[in-house]
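J.: the sequence and its predicted three-dimensional model are supplied below.
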Amino acid sequence: MQQRTLGGTSVSAVGLGGMPMSIEGRPDEDRSIRTIHAALEAGVTLIDTADAYHRDANEVGHNESLIAKALSSFGSGASDVLVATKGGHLRPGDGSWTQNGHPDYLKEAAKASLARLGGDAIDLYQFHRPDTEVPYEDSIGALKDLLDDGVIRMAGISNATVDQIRKANQILDGRLVSVQNQFSPAFRSSEDELRYCGENGIAFLPWSPLGGIQKAGGLGETFAPFQEAADKHGVSPQQVCLAWELALSPTVIPIPGASRPESITDSAKAAELQLSDEEIQALSAAV
């Protein structure tokens, strides 16, 4: 599979988002593990998760534990996989989301994530979402401490503005390696952040790159140019979508969610799909 760079580490151009395997409507564990294994077999070496990817209040870290189990059962072939996780976003268990960006909380959350994932340090730890009750500088300062203490190898942020990206990179002494924002044909408001990351060599990881769990299946119906390109190339519109995102910047690494082996196997093929300049322009203009 085509490779991209994340903080000096080579990873697959398409990653795997683990969220659908742990929240509402999730599949059984056997299918989830088969999905993760299918991703690895397809050449995926970046898996994204978070401690908040769970359904019930008493199962914080469900997706992290699931990924750790799947990687362990896959054997030595999983040794090159980079696992990115996040902290600072919480799910009380009633389907809602809350934030906690307090430095002490983030540090303890990171250590708990490390215990679930295993190993000596978390490959990539990302501040999940700004907390309006805590100064952003304080939250990012916790990431800096985690880096300096060796709890995490790399630091990133999520759901950030361009100003927050600049601020975080300054606080981290130029060591910010990734920004994970929502971006898809239906959600273009992070184009400035995508562009900024490309200009500054920071990996941009679009979450919900296909439009979200409920809308990904109908992408071709909603955006006709994606279906037209898919028909031309004999592939799925989802593949076209991911290939289009990859073409927007050399630092883009989409992380489509999946809960079935067939889904991630199809998505992974997007890394090899070549779109013409004319097709990219047409897709970028689709609304």
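T.: It's in. Numbering: from 1, shown residues only.

J.: what's in contact with the host helix or strand of residue 194?
T.: Assessed by DSSP states H and E, residue 194 sits inside helix 191-199. Helix 191-199 is contacted from outside by 160-162, 165, 179, 181, 183, 202-204, 206, 248-252, using CB atoms under 8 Å, 6 or more residues apart in numbering. To be clear about C-beta, it is placed using only N, CA and C from the backbone, and glycine gets the same treatment.

J.: what's the average pLDDT for it?
T.: Taken as a whole, helix 191-199 has an average pLDDT of 98.

J.: what are the buried residues along it?
T.: 193-194, 196-198 (16 or more other CB atoms under 10 Å).

J.: what do you get for stretch 38-57?
T.: Across stretch 38-57, burial judged by 16+ other CB under 10 Å covers 38-40, 42-55.

J.: over to it now: how far is its first residue from its last?
T.: The separation between the terminal residues of stretch 38-57, taken as CA to CA, to the nearest Å, is 29 Å.

J.: chain center to that stretch, what's the gap?
T.: 9 Å (CA atoms, centre = their mean, to the nearest Å).

J.: now do stretch 251-259
T.: Distance of stretch 251-259 from its chain centroid, counting by CA atoms, centre = their mean, is 6 Å.

J.: cool, and stretch 154-174?
T.: 16 Å.

J.: could you do stretch 191-204 as well?
T.: With CA atoms, centre = their mean, you get 15 Å for stretch 191-204.

J.: now the helices for the stretch 101-250 of the chain?
T.: 103-117, 136-148, 162-171, 191-199, 219-222, 224-233, 237-248 (DSSP state H, counting those that start in this stretch).

J.: nearest to residue 126, of those?
T.: helix 136-148 (8.4 Å; CB to CB).

J.: average pLDDT across that closest one?
T.: 98.

J.: please save the CA atoms from the helix holding residue 194 in CSV.
T.: Output of helix 191-199 as CSV, limited to C-alpha atoms (Å, rounded to 0.1, in the frame of the first residue of the first chain):
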residue,chain,number,x,y,z
GLU,A,191,-10.4,22.9,4.6
ASP,A,192,-8.3,25.7,6.1
GLU,A,193,-6.8,23.3,8.7
LEU,A,194,-6.2,20.7,6.0
ARG,A,195,-4.3,23.2,3.9
TYR,A,196,-2.4,24.6,6.9
CYS,A,197,-1.2,21.1,7.9
GLY,A,198,-0.1,20.4,4.3
GLU,A,199,1.9,23.6,4.2
